[in-house]
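**Student:** my questions concern the predicted model and sequence given below.
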Amino acid sequence: MNETIRELLGRVGGLPVPVTELTDEADLYAAGLSSFASVQVMLAIEEAFDIEFPDSLLNRKSFASIKAIEETVAQIIKSREAA
Amino acid sequence: MDMQTSFLDRLFDAGLLIDTGVDGLYGRSGQFEEVIAAFERLIDKVGGGDGAEAMRFPPGMNRAFFEQSGYMKSFPQLAGTVHSFCGGELDHMSLLKCMEVGEEDWTKDQKATDIVLTPAACYPLYPTVARRGKLPAGGALFDLQSYCFRHEPSKDPARQQLFRMREYICMGTEQHVTDFRQSWMDRGVEMMKAVGLDVTIDVANDPFFGRAGKMMVNNQRDQNLKFELLIPITSPSNPTACMSFNYHQDSFGLKWGLNLEDGSVAHTACVGFGLERIALALFHTHGLDVKDWPESVRATLWG
């Protein structure tokens, strides 16, 4: 999952630095992720993992770092399995 | 009859607004305009000492700047573009025939011009200021007013498609522009009190489009980027935003290349008055005839 997220982030995140230079904990907004780019990342992740972000997770926190995105996606997949 | 239709009908009956046959597109009477002029003088009195540079643009802007602004990313549903007939004589003949028969859409061959209707008074400002070069170290302050267009037909007289927005726009450091915004939140409340209007201020969001927009909304609210001053007009439970206080962080600074003297990216904030909405709030609260308004309100506006 980490690799897919990194690949998508590199493709649609519009970051001024290569994703390989970012740690999983690095603050993506500080690295240059714009609000609009974070939306693009969200849409790309939805498509790649065949999931839909609930409104409650559509916020800055969910996309603050690669780790945060990973945890958010895992949470959505888990809640879908539980349902 | 729902409350919105009835207030609109009362405004039509009193002659304050003039029906054009299109929801949200109205003429205004002399008295309605006089209220707006008086309120603008009050704005001048409160804000005039700040030394803002005044600029007035017509209600259309350069399409290239509009495209660069990213408006279509966030609010495609609200935008209005200006299209014109650009054909030759034969095209003209078929256009007239098409209009006469009325079966086909005669507008389908109209071509986009270089003009887009201004969506917010400050939109033409950023590229204008960017062209001047670096901003002074102490920042800059501007005073704008324009008719603005938003495609959202409605029978709510407080939601018009063409309406005027008066704005102060501040550019500078984060501290400078957030102080500016806070001072206008305080001033706004005092001004509305002085004209007898009951107000609340609340965190708000812009009407971003679609599901992706939901994320923009959450981001905007989480970061307290937008506040609105609300006054009950057509609904007591759902009061209308008559002023907005927006902090753009450095997003417009980055987008337009607005830099301070030391080379840092400028932060920006703007404060907007919805002039029609304020006039409507006054008419709704104090009555449709200004002669009947409380003396203190009249004195504040015309004293």
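**Tutor:** Ah, there it is.

**Student:** from chain B, how far off is the spatially most central residue of chain A?
**Tutor:** Taking Cα atoms, centre = their mean, the centroid of chain A lies closest to A:I69, which sits 3.9 Å from it. In this structure, A:I69 and chain B are 13 Å apart, going by Cβ to the nearest Cβ, to the nearest Å. Every C-beta, even on glycine, is put in place using the N, C-alpha and C of the backbone.

**Student:** helices or strands up against the host helix or strand of that residue?
**Tutor:** Using DSSP states H and E, A:I69 sits within helix A:66-82. Judged by 3 or more Cβ pairs under 8 Å, 6 or more residues apart in numbering or on different chains; DSSP states H and E, the packing partners of helix A:66-82 are helix A:2-12, helix A:35-49.

**Student:** mind checking how far the shortest one is from the chain centre?
**Tutor:** So that's helix A:2-12. Offset of helix A:2-12 from its chain centre (Cα atoms, centre = their mean, to the nearest Å): 8 Å.

**Student:** now it against helix A:35-49, angle please.
**Tutor:** Going by axes from the mean of the first three to the mean of the last three Cα atoms, to 10 degrees, helix A:2-12 is angled at 140 degrees with respect to helix A:35-49.

**Student:** B:T113: neighbour count?
**Tutor:** As a burial measure, B:T113 scores 13 neighbours (other Cβ atoms under 10 Å in any protein chain shown).

**Student:** contacting residues around it?
**Tutor:** B:R63, B:T81, B:V82, B:H83, B:S84 (Cβ atoms under 8 Å, 6 or more residues apart in numbering or on different chains).

**Student:** I'd say A:A64 and A:Y29 touch.
**Tutor:** Yes - checked against Cβ atoms under 8 Å, the pair A:A64 and A:Y29 is within contact range at 6.7 Å.

**Student:** returning to that earlier point: skipping adjacent residues, who's closest to the residue nearest to the centre of chain A in space?
**Tutor:** In this structure, A:I69 finds its nearest non-sequential neighbour in A:I5, 5.3 Å apart by Cβ to Cβ, 6 or more residues apart in numbering or on different chains.

**Student:** low pLDDT regions in chain A?
**Tutor:** Scanning chain A for pLDDT under 70 picks out A:83.

**Student:** write out the residues of it neighbouring chain B.
**Tutor:** Within chain A, the positions lying close to chain B (Cβ under 8 Å from any Cβ of the partner chain) are A:34-36, A:38-39, A:42-43, A:53, A:55, A:58-61.

**Student:** only whichever of these are buried, select them in ChimeraX.
**Tutor:** In ChimeraX, this line selects whichever of those come out buried by 16 or more other Cβ atoms under 10 Å in any protein chain shown:
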select /A:34,35,36,38,39,42,43,53,58,59,60
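
**Student:** could the residues of chain A next to chain B go into TSV alongside distance to B:R159?
**Tutor:** Compiled in TSV, the residues of chain A next to chain B are given as follows (distance: Cβ to Cβ, whole Å):
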residue	distance to B:R159
A:S34	30
A:S35	26
A:F36	26
A:S38	30
A:V39	26
A:M42	30
A:L43	30
A:F53	30
A:D55	24
A:L58	26
A:N59	28
A:R60	29
A:K61	33
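
**Student:** can you pull out the helices in chain B?
**Tutor:** Taking DSSP state H as the criterion, chain B contains helices spanning B:3-13, B:30-47, B:63-69, B:71-74, B:89-101, B:125-131, B:174-194, B:210-222, B:251-256, B:275-286, B:295-302.

**Student:** can you give the contact residues for the first one?
**Tutor:** So that's helix B:3-13. Contacts of helix B:3-13 with the rest of the structure, by Cβ under 8 Å, 6+ apart, involve B:1, B:17-19, B:154-157, B:233-235, B:280, B:283-284, B:288.

**Student:** if we can go back for a sec, which of the contacts of B:T113 fall in strands?
**Tutor:** Secondary structure from DSSP state E places B:T81, B:V82, B:H83, B:S84 of the contacts of B:T113 in strands.

**Student:** now the buried members of those residues.
**Tutor:** In terms of neighbour count (16+ other Cβ under 10 Å), there are no buried residues within these.

**Student:** keeping just the C-alphas, turn stretch A:46-62 into CSV.
**Tutor:** The C-alpha trace of stretch A:46-62 is given here as CSV (Å, rounded to 0.1, in the frame of the first residue of the first chain):
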residue,chain,number,x,y,z
GLU,A,46,-10.1,6.1,-4.2
GLU,A,47,-9.7,4.7,-7.7
ALA,A,48,-6.6,2.7,-7.0
PHE,A,49,-8.0,1.0,-3.8
ASP,A,50,-11.6,1.0,-5.0
ILE,A,51,-12.7,2.8,-1.9
GLU,A,52,-14.7,5.9,-1.1
PHE,A,53,-13.6,8.4,1.6
PRO,A,54,-16.5,9.2,3.9
ASP,A,55,-17.1,12.9,4.5
SER,A,56,-15.7,12.6,8.0
LEU,A,57,-12.3,11.6,6.6
LEU,A,58,-12.2,14.3,3.9
ASN,A,59,-9.9,16.6,5.8
ARG,A,60,-6.3,17.9,6.0
LYS,A,61,-5.4,15.4,8.7
SER,A,62,-6.1,12.4,6.5
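
**Student:** which one's more surrounded, A:A64 and A:Y29?
**Tutor:** Comparing A:A64 with A:Y29 by other Cβ under 10 Å, the one with more neighbours is A:A64, at 19 against 15.

**Student:** kindly provide the distance from that one to chain B.
**Tutor:** The value you get for A:A64 to chain B, if Cβ to the nearest Cβ is used, is 11 Å.

**Student:** just A:A68 next, same as before
**Tutor:** Taking Cβ to the nearest Cβ as the measure, A:A68 falls 14 Å from chain B.

**Student:** these two touch, right, that residue and A:K61?
**Tutor:** Yes - A contact is recorded between A:A68 and A:K61 when judged using Cβ under 8 Å, the distance being 6.5 Å.

**Student:** what about the residue in the stretch 51-200 of chain B that chain A sits nearest to, how many neighbours?
**Tutor:** Taking Cβ to the nearest Cβ as the measure, the point where the stretch 51-200 of chain B comes nearest chain A is B:K73, at 5.9 Å. Taking other Cβ under 10 Å as the criterion, the count of residues near B:K73 is 16.
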